[in-house]
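Asks: structure, please.
(one chain, ligands or ions: 1)
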Amino acid sequence: MFYFLLVILSVSVADGWSDNRQRRFKDDFLFGTASASYQVEGAWDADGKSESIWDRYVHSRPKLSPDGDVACDSYHQISRDVQMLRELGVDFYRFSIAWTRVLPSGFPNKIKEKGLQYYHNLVDELLKYNIQPMVTLYHFDLPQSLQDLGGWTNPLSITWFEDYARVIFENFASKVPHFITINQPNTVCVDGYGGDNFAPGINSLGVGDYLCVKHVMLAHAKAYRLYEKEFKTKHQGSVGIAISVNWIEPINNQTENVEAAEVAREFSIGLYVNPIWSKEGDFPALVKERVAAKSKEQGFLTSRLPTFTPEEKDLLKGSSDFLGMNHYTTGLAQPSAAKYPSPSFLDDMSVDFTQSLDWVQGTSPWLKSAPFGLYKSCLYLNKQYGYPTIIITEHGWSTNLGRKDPSRVDNLRAYLTALLFAIEDGTVVKGYTAWSLMDNVEWGAGVSERFGLYEVDFNSQNRHRSPRVSAHVYKRIIEQRVVEDTWRPTSLKMEVSTRRTGKNKSEL
Ligand code: PNW
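Replies: Now for the predicted structure:
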């Protein structure tokens with residue numbers, strides 16, 4: 001009788017989602033928080049720092065508030081920033097280096113020692129408290145001097161970035177275990193060059209955006225190979241890229257919508273993941289075909305999507321030690337009803353997105369909470385790209401002013417629970433990064449959208465920081481490695497066929 005009961009119990013547990021086991025992050029799982037230079041440092045022209053494309057973009061648009069000039073004043077507040085990280089008990093801190101602070105001309109002909117010193121001081125302060133630095137080389141703030149030469153649409157940008165990366169590796173490889181080359185190539189290129197709502201605002205629709213994508217991907221690969229060849233043996237660090245991987249699924253199961261979701265995933269995820277994690281080392285076939293066909297219709301003699309040479313494909317293939325995944329939200333896809341400008345990235349993709357009215361809305365217009373999307377993104381990457389090693393390099397939530405932030409607490413707990421399920425089903429995840437350590441300059445939106453675990457008082461002289469409720473909750477999660485949450489992926493049964501079996505899991 002007892003034996004019989006046991007069998008039934010184990011069957012119901014193995015069956016899946018309804019069990020109440022408390023899942024736990026392993027002891028070697030890394031928890032961190034993140035920021036980016038333009039968003040927190042301020043001191044936009046101090047100590048010989050030159051103008052970046054964000055300085056220019058904001059200063060030349062009277063409608064935008066120049067919040068980035070002082071931002072959180074982090075350039076002068078290393079000890080307070082690290083104090084917050086110590087309070088949280090994080091394993092690592094992801095921050096970015098401003099190219100303009102270290103190489104004001106954009107080139108390594110003149111290295112600004114004061115700029116370098118700021119980052120040395122920050123890194124040393126982190127190491128003093130056993131917090132690992134995770135350094136992003138490029139988080140949207142190109143030197144304006146290089147933009148004047150075409151920025152990322154100039155093929156020489158690949159070398160400019162490689163030269164800059166060399167300076168950073170030479171100075172920091174001995175102290176920094178993790179580097180991220182580029183943050184969100186889709187934002188850099190599709191928003192920055194294929195539109196005008198993001199710096200540098202070039203508005204070269206369907207042309208400049210793809211040129212930029214080619215060069216940014218190659219710049220990443222060159223920097224990766226440089227580290228691999230000259231720094232890895234000695235310092236044993238890892239180098240990756242941070243890609244925006246929001247989930248996209250069809251609005252319903254009608255074939256046209258299922259197809260639209262597939263197209264949208266290739267245009268917004270595959271375009272950046274495929275060159276590095278596929279056997280071909282190239283853009284996805286679907287994207288190549290679509291853009292080539294549209295270009296022909298439009299009278300171009302060659303595709304607007306540039307190609308890679310066989311040597312470039314070899315360079316790209318496998319050029320990352322981890323896939324940095326920035327995940328925030330989910331979109332529901334259907335073929336586009338709207339007419340987009342032609343040519344344009346949006347016209348090439350021809351997919352419209354909506355979000356469910358049932359999902360909780362953040363302060364940012366694009367941000368709704370859909371935790372199953374993180375789970376599904378992980379399983380998608382596993383299936384398409386053979387279980388890449390993932391670090392969640394960003395995930396977060398925006399609120400208004402105020403230190404009580406129940407919606408951020410709910411969002412954090414639900415997404416971390418979804419992540420635990422993804423890990424249980426075979427996803428290889430080394431760490432999680434909460435965006436952001438503190439409120440900061442949300443690009444064109446300024447300080448109106450608050451992403452911080454710590455609230456920043458932008459009216460106070462020293463940009464006073466105070467912990468929100470979510471900071472206390474995150475601290476406890478990091479300490480205890482468990483999440484108190486009732487969210488369960490009840491709607492995920494259809495994914496069962498792509499789940500890893502227990503046997504495969506132990507092979508990891
Ligand atoms: C990221 N979306 O941008 C950036 O890396 C951060 O600098 C930024 O502060 C943070 O996320 C919050 O916005 C994103 O539309 C911008 O899904 C837009 C989206 C996602 C990330």
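
Asks: give the next helix or strand downstream of the helix or strand that contains residue 381.
Replies: Secondary-structure element containing residue 381, defined by DSSP states H and E: helix 372-385. Following helix 372-385 in sequence order, the next helix or strand is strand 389-396 (DSSP H and E).

Asks: next to the ligand, which bits of this protein? Give me the list.
Replies: The interface of the chain toward the ligand, taken as C-beta under 6 Å from any ligand atom, is made up of 36, 183-184, 187, 244, 246, 326, 328-329, 366, 394, 435, 442, 451. C-beta coordinates here come from the backbone N, C-alpha and C atoms, glycine included.

Asks: got a ChimeraX select line for the buried ones in the residues you listed?
Replies: Per 16 or more other C-beta atoms under 10 Å, the buried members of the residues of the chain next to the ligand correspond to this ChimeraX selection:
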select :36,183,184,187,244,246,326,328,329,394,435,442,451
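
Asks: may I see the residues of the chain next to the ligand organised as CSV, with pLDDT added?
Replies: As requested, those are arranged in CSV below (pLDDT from 0 to 100):
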residue, pLDDT
36, 99
183, 99
184, 99
187, 98
244, 98
246, 98
326, 99
328, 98
329, 98
366, 98
394, 99
435, 99
442, 98
451, 98
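
Asks: what is the nearest of the residues of the chain next to the ligand to residue 412?
Replies: Set against residue 412, the nearest of the residues of the chain next to the ligand by C-beta to C-beta is residue 435 (10.7 Å).

Asks: right, and the closest one touches residue 396 too?
Replies: Yes. Using C-beta atoms under 8 Å, residue 435 is in contact with residue 396, at 3.4 Å.

Asks: please enumerate the shared neighbours of these two.
Replies: In terms of C-beta atoms under 8 Å, 6 or more residues apart in numbering, residue 435 and residue 396 are both contacted by the residues residue 451.

Asks: so residue 171 touches residue 120, yeah?
Replies: Yes. The pair residue 171 and residue 120 passes the contact test of C-beta under 8 Å, sitting 7.4 Å apart.

Asks: past the helix or strand containing residue 239, which element shows up next along the chain?
Replies: With secondary structure defined by DSSP H and E, residue 239 is part of strand 238-244. If you walk from strand 238-244 toward the C-terminus, the next helix or strand you reach (DSSP H and E) is strand 247-250.

Asks: three-state assignment of the closest residue to residue 162 other than its chain neighbours?
Replies: On the basis of C-beta to C-beta, 6 or more residues apart in numbering, the spatially nearest residue to residue 162 that is not a chain neighbour turns out to be residue 222, at 4.3 Å. For residue 222, the assignment made with DSSP: H, G, I helix; E, B strand; the rest coil gives helix.

Asks: count of neighbours near residue 222?
Replies: A count of neighbours around residue 222, defined by other C-beta atoms under 10 Å, yields 22.

Asks: show me where the stretch 201-350 of the chain has helices.
Replies: In the stretch 201-350 of the chain, the segments counted as helices under DSSP state H, counting those that start in this stretch are 208-230, 232-235, 255-265, 271-277, 285-297, 310-316, 345-349.

Asks: good, we can wrap up now.
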